[in-house]
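A.B. asks: Sharing a model that was predicted from the sequence below.
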Amino acid sequence: MFDTQELTLTPQEFRLFRDFLQERTGIYFSDDRAYLIERRLTRRVRELGLKTFEDYFYHVKYDATMAEFSRLVDLITTNETSFFRNLPQLQAFALDVLPRLREAKAGSGGSRSLKIWSAGCSTGEEPYTLALLVLENLPDRERWKVEILASDISEKVLRSGRCGLYSATAMRSVPQEMAAKYFTVDNDRYCVKPEVKDLVRFGHLNLNDRRKLSLYTNMDVIFCRNVMICFSDEAKRHLVRSFYNALRPGGYLFIGHSESLHGITRAFKLVYLDRSLAYMKEGLNALNGEPVRLANYVSGRSSAEHEKERVTSRV
Ligand SMILES: C[S@@+](CC[C@H](N)C(=O)[O-])C[C@H]1O[C@@H](n2cnc3c(N)ncnc32)[C@H](O)[C@@H]1O
């Protein structure tokens, strides 16, 4: 039987968790979100038969196996996601970015490879959506090597993503013809077909781990949507710098549509695609040694409009 005595997170205990989580994961809990820590951890503290949140804090901190830290991460992260989340960004990816990358690479005789990264992929809906869009929008797909890396800090969501099984509710935003083409159905469960699964590689990565981040290189497109929103500004700055280093010149970064890099970095060019905004890394095109110019990548706006709004300086 669980102890029914009230468990309350004291301000001191809150600060212990807040600082620890920020240091390890980059996630920052402001004072007005203390209730989330209390609500999400109460059950676990009870399950372990501990008396206070402080006891749990030290239990996590000194667990050399890191198993309890992993458990804590599963509990405190928000994993909300969906297939085809924020359609305009995905249309921009499929109808603007993919053709441009394809043209630039095929035209320069460079390698026909595309590397796409879903950073903070949750249960897999985002990377699988990207895989569906590649399959539908890359005409000579068989001539390309496509890799979609899907990373998250939570092992629990990664297990789910690797499994690739979704409920009918989760599938409601997948167009019917794509559901029929790329999923098998069994007892109301939709299973991602191997041709889609094979494009996506799931891996554990803490986006606050700068050493590991430096191993991610040569990306053409990075999606990191609705992840940095809960990071401290310092953690955001480090992460965005790592994304910049991870991208090839001419590569794109998509962040959540309600997020902004304002005050975080000016290294990227903000580009206005027909349907959405994205950040682009300028520089010399590694494929042909020519400068990657913003003008070549802007559509749907006059240059005057664009000049007025574009972010020009580097950090
Ligand atoms: C709200 S979900 C967003 C999922 C998807 N990108 C989307 O927009 O639908 C945020 C994800 O970021 C992950 N996350 C949070 N902090 C992280 C960190 N430090 N490293 C890696 N992933 C993290 C969470 O586990 C969660 O799955």
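C.D. replies: Sure thing, it's come through. Numbers count the residues shown, from 1 in each chain.
A.B. asks: my read is G263 is in a helix, agree?
C.D. replies: No. In this structure, G263 is coil, not part of a helix, as judged by DSSP: H, G, I helix; E, B strand; the rest coil.
A.B. asks: so what's it scoring on pLDDT?
C.D. replies: Looking at G263, its pLDDT reads 92.
A.B. asks: The nearest residue to it once chain neighbours are set aside: neighbour count?
C.D. replies: Nearest non-adjacent residue to G263, counting by Cβ to Cβ, 6 or more residues apart in numbering: D233, 7.4 Å away. Where C-beta positions appear, they are placed from N, C-alpha and C, glycine not excepted. Neighbour count for D233, taken as other Cβ atoms under 10 Å: 11.
A.B. asks: right, and D233 touches I264 too?
C.D. replies: Yes. Counting by Cβ atoms under 8 Å, D233 does reach I264; the two are 6.8 Å apart.
A.B. asks: related to what we said a few turns ago, distance of the residue nearest to G263 relative to the ligand?
C.D. replies: Distance, D233 to the ligand, using Cβ to the nearest ligand atom, to the nearest Å: 14 Å.
A.B. asks: and the gap between that residue and F268?
C.D. replies: Separation of D233 from F268 (Cβ to Cβ, to the nearest Å): 17 Å.
A.B. asks: what's around the nearest residue to V192 once chain neighbours are set aside, how many residues?
C.D. replies: Nearest residue to V192, sequence neighbours excluded (Cβ to Cβ, 6+ apart): G164, at 3.6 Å. Neighbours of G164 under the rule other Cβ under 10 Å: 19.
A.B. asks: What of S258?
C.D. replies: Using other Cβ under 10 Å, S258 is surrounded by 9 other residues.
A.B. asks: Name all residues that make contact with it.
C.D. replies: Going by Cβ atoms under 8 Å, 6 or more residues apart in numbering, S258 touches I229.
A.B. asks: In a helix, it, correct?
C.D. replies: No. Checked against three-state DSSP, S258 lies outside a helix; its state is coil.
A.B. asks: who's in contact with the helix or strand harbouring Y252?
C.D. replies: According to DSSP states H and E, Y252 maps onto strand 247-255. The contact list for strand 247-255 (Cβ under 8 Å, 6+ apart) reads 89, 92-93, 97, 101, 104, 218-225, 228, 240, 243, 261, 268, 271, 276, 278-287, 292, 297.
A.B. asks: What's the first helix or strand after it?
C.D. replies: That would be, after strand 247-255 and using DSSP H and E, strand 269-272.
A.B. asks: what packs against the very next helix or strand once past that next one?
C.D. replies: Moving toward the C-terminus from strand 269-272, the next helix or strand (DSSP H and E) is strand 277-280. Strand 277-280 is packed against strand 247-255, strand 269-272, with contacts defined by 3 or more Cβ pairs under 8 Å, 6 or more residues apart in numbering; DSSP states H and E.
A.B. asks: go again using 10 Å as the cut-off
C.D. replies: When contacts are defined as 3 or more Cβ pairs under 10 Å, 6 or more residues apart in numbering; DSSP states H and E, strand 277-280 sits against helix 87-91, strand 219-224, helix 233-246, strand 247-255, strand 269-272.
A.B. asks: in it, what counts as buried?
C.D. replies: For strand 277-280, the neighbour count (16 or more other Cβ atoms under 10 Å) marks A278, Y279, M280 as buried.
A.B. asks: that older thread, and the strand holding Y252, is it in reach of the ligand?
C.D. replies: No. Strand 247-255 stays clear of the ligand (Cβ under 6 Å from any ligand atom), getting no nearer than 9.4 Å.
A.B. asks: Listing partners with orientation, what would you give for that strand?
C.D. replies: Using DSSP bridges, the strands paired with strand 247-255 are strand 219-224 (parallel), strand 277-280 (antiparallel).
A.B. asks: for those strands, which one sits closest to L133?
C.D. replies: Nearest to L133 among the strands paired with strand 247-255 is strand 219-224; the distance by Cβ to Cβ comes to 10.7 Å.
A.B. asks: Contact distance from the ligand - what residues of the stretch 151-300 of the chain qualify?
C.D. replies: Contact residues, the stretch 151-300 of the chain versus the ligand (Cβ under 6 Å from any ligand atom): D152, I153, S154, V157, L205, N206, L207, N208, R225, N226, V227.
A.B. asks: Which phi and psi values does the fifth one adopt?
C.D. replies: Note on L205: its backbone torsions stand at phi -150, psi 130 [degrees, to the nearest 10].
A.B. asks: How much space separates the residue nearest to it when sequence neighbours are not counted from V200?
C.D. replies: Nearest residue to L205, sequence neighbours excluded (Cβ to Cβ, 6+ apart): S151, at 3.8 Å. Separation of S151 from V200 (Cβ to Cβ) stands at 11 Å.
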